[in-house]
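how would this look folded up:
(4 chains)
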There are 2 protein chains.
Amino acid sequence: MGVSKTEAFTQADVIIAKYAKALAHPARIAILRILLERRSCICGDIVEELPLSQSTVSQHLKELKEAGLIKGDVEGKKVCYCIDEKVWKEAQQLLQVLFADYTPCGTSCC
Amino acid sequence: MGVSKTEAFTQADVIIAKYAKALAHPARIAILRILLERRSCICGDIVEELPLSQSTVSQHLKELKEAGLIKGDVEGKKVCYCIDEKVWKEAQQLLQVLFADYTPCGTSCC
DNA sequence: CCTTATGATCGTAAATTTACGATTATAATT
DNA sequence: AATTATAATCGTAAATTTACGATCATAAGG
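Residues are numbered from 1 along each chain as shown, chains lettered A, B, ... in the order given. Below you'll find the model as predicted:
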């Protein structure tokens, strides 16, 4: 996105934005849902479930992996992905806290 | 981001991705935090709080507004922004449900 | 009416994203 | 060893994002 001023923001904001970015595409949400459902950790069956090419799915998987939300294990010639519990819960917590920070204002504002 | 195949995914996934995308930049997280803190609905004070130009902040505000998370009221020559309670809570709910869907798998997977 | 302040919009440059086909690397199979 | 299947990576086109200065529109104040 051209010249993101990452260094100008708090670490917390950068991290939460990173997780949000990983979730910022319907294909990646769909991938995560598949991973959530088939807890048995599938791999390239994901490609068959989605209307995207193998390379595109691979790219989305890479982004999820780079954000830390998922991890992949090589099992023979297949690769098995699953959600990384620790990171998943951290993201959940950070977002939860952010959203919970809201308290409705009185009649004075919008 | 070049040719997003929005139509190929479920409505739910598109919506959740939309909210995530709104949160996918540290500057927008920072803006939301300001709005969460000063519940009194500030406007261009945001510009002074952030290390970004007025036009850039205005652009981020526009994106948050387009996602529905915030709304802006014109008050004289100033514009007053605040969080849209209804949308905020919807986003919170959708993300919460997604994250809560996780159940740790046994020893069989990664 | 003219000036000033506020904030949106325009135009632009640079980086990034999304998507795909083609290629490559690796492991399993024959 | 040759073939096959799986998935990563490369290369590329098109769209989008981020950031900024400059400009525009509007409302308040003089």
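
Could I get the contacting residues of whatever residue of chain A ends up closest to DNA strand D?
Ranked by C-beta to the nearest atom of the strand, the top residue of chain A for proximity to DNA strand D is A:G44, at 1.7 Å. For every residue, glycine as well, the C-beta is placed using N, CA and C. Contact analysis of A:G44 by C-beta atoms under 8 Å, 6 or more residues apart in numbering or on different chains lists A:54, A:57, A:78-79.

Intersect those with the contacts of DNA strand D.
Restricting the contacts of A:G44 to those near DNA strand D by C-beta under 7 Å from any atom of the strand leaves A:54, A:78-79.

Output the residues you listed in TSV, with pLDDT appended to each entry.
Converted to TSV, those look like this (pLDDT from 0 to 100):
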residue	pLDDT
A:Q54	97
A:K78	92
A:V79	94
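
Might you specify the subset of these located within helices?
A:Q54 (DSSP state H).

who wins for neighbours among the ones next to DNA strand D among the contacts of A:G44?
Scoring the ones next to DNA strand D among the contacts of A:G44 on neighbours with other C-beta atoms under 10 Å in any protein chain shown, the highest-scoring entry is A:V79 at 15 neighbours.

What's the separation between that residue and DNA strand C?
Separation of A:V79 from DNA strand C (C-beta to the nearest atom of the strand, to the nearest Å): 10 Å.

pretty sure that residue is touching A:D45, no?
No. A:V79 is not in contact with A:D45 according to C-beta atoms under 8 Å; the separation is 11.1 Å.

which bits of chain A sit near DNA strand C?
Residues of chain A lying near DNA strand C (C-beta under 7 Å from any atom of the strand): A:1-4, A:21, A:24-25, A:27, A:52-56, A:59-60, A:63, A:74, A:76-77.

What subset of those is buried?
A:21, A:24-25, A:27, A:52, A:60, A:63 (16 or more other C-beta atoms under 10 Å in any protein chain shown).

Next step: these restricted to helices.
Mapping these onto helices (DSSP H) picks out A:21, A:27, A:60, A:63.

what's near enough to touch the first one?
So that's A:K21. Here A:K21 is in contact with A:67, B:20-21, B:24-25 (C-beta under 8 Å, 6+ apart).

export those residues to TSV and tack on pLDDT?
Below are those laid out as TSV (pLDDT from 0 to 100):
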residue	pLDDT
A:A67	98
B:A20	98
B:K21	98
B:A24	98
B:H25	98
